[in-house]
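In: Coordinates only, no sequence provided:
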């Protein structure tokens, strides 16, 4: 009924402004969640900068992001299995893809910061630096995804 009303008003759902890709919107939702996780981890690192020694704090930040992304992937997987609408299944598929991206990002930061622990010069990654790197990466990815969606809707 809604489509018929829009068609009567001179607009139709086949026009680009009404098209949407559920996978892209699922990815965007996932990136918003990952930005939230990055903000939480960064906030914790800023509030408690000395709760861990310098060599441990960076790997902990990356591991926390990876674990939370894994939990969100599991939740999305469960929700996708019980969904009946094809649009919801596609949106959940995009969300799951983003959670794999978040998990991999957390693991890379954890491994890199652990590998460079105890360096006397050069690169040393503490929790604040690791969490800011993760947060910046997720914000950048969100901006890129929004641009991709906007270009696709033109």
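Out: Yes, it's here. Values in this document were obtained by computation on a predicted structure and should not be read as measured data. Numbers count the residues shown, from 1 in each chain.
In: Please count neighbours and contacts with C-alpha atoms only from this point.
Out: Noted.
In: pretty sure residue 79 is touching residue 92, no?
Out: Yes: counting by Cα atoms under 8 Å, residue 79 touches residue 92, with 7.4 Å between them.
In: Give me the more crowded residue out of those two.
Out: Neighbour count, other Cα atoms under 10 Å: between residue 79 and residue 92, residue 92 has more, with 28 against 14.
In: So the more buried one versus residue 70, what's the distance?
Out: 14 Å (Cα to Cα, to the nearest Å).
In: ok, how many other residues are close to residue 152?
Out: 14.
In: In this protein, mark out all the helices, start to finish.
Out: For the chain, the helices defined by DSSP state H occupy 2-8, 22-47, 54-82, 86-115, 127-152.
In: would TSV of those helices with mean pLDDT be doable?
Out: Listed next are these as TSV, based on pLDDT from 0 to 100:
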stretch	mean pLDDT
helix 2-8	47
helix 22-47	86
helix 54-82	82
helix 86-115	87
helix 127-152	86
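In: ok, now which ones touch residue 77?
Out: Going by Cα atoms under 8 Å, 6 or more residues apart in numbering, residue 77 touches 92, 96.
In: For it, give its distance to residue 97.
Out: Residue 77 is 10 Å from residue 97, by Cα to Cα.
In: Help me confirm that residue 98 comes into contact with residue 30.
Out: Yes: using Cα under 8 Å, residue 98 is in contact with residue 30, at 5.5 Å.
In: Pick out whichever of those two has more residues nearby.
Out: Higher neighbour count among residue 98 and residue 30: residue 30, with 29 against 26, using other Cα under 10 Å.
In: neighbours of residue 85, just the number please.
Out: 10.
In: The one 4 residues further on too?
Out: Residue 89 has 21 neighbours, counted by other Cα under 10 Å.
In: What of residue 90?
Out: 20.
In: Surely it touches residue 23?
Out: Yes: contact criterion Cα under 8 Å: residue 90 and residue 23 qualify, at 5.1 Å.
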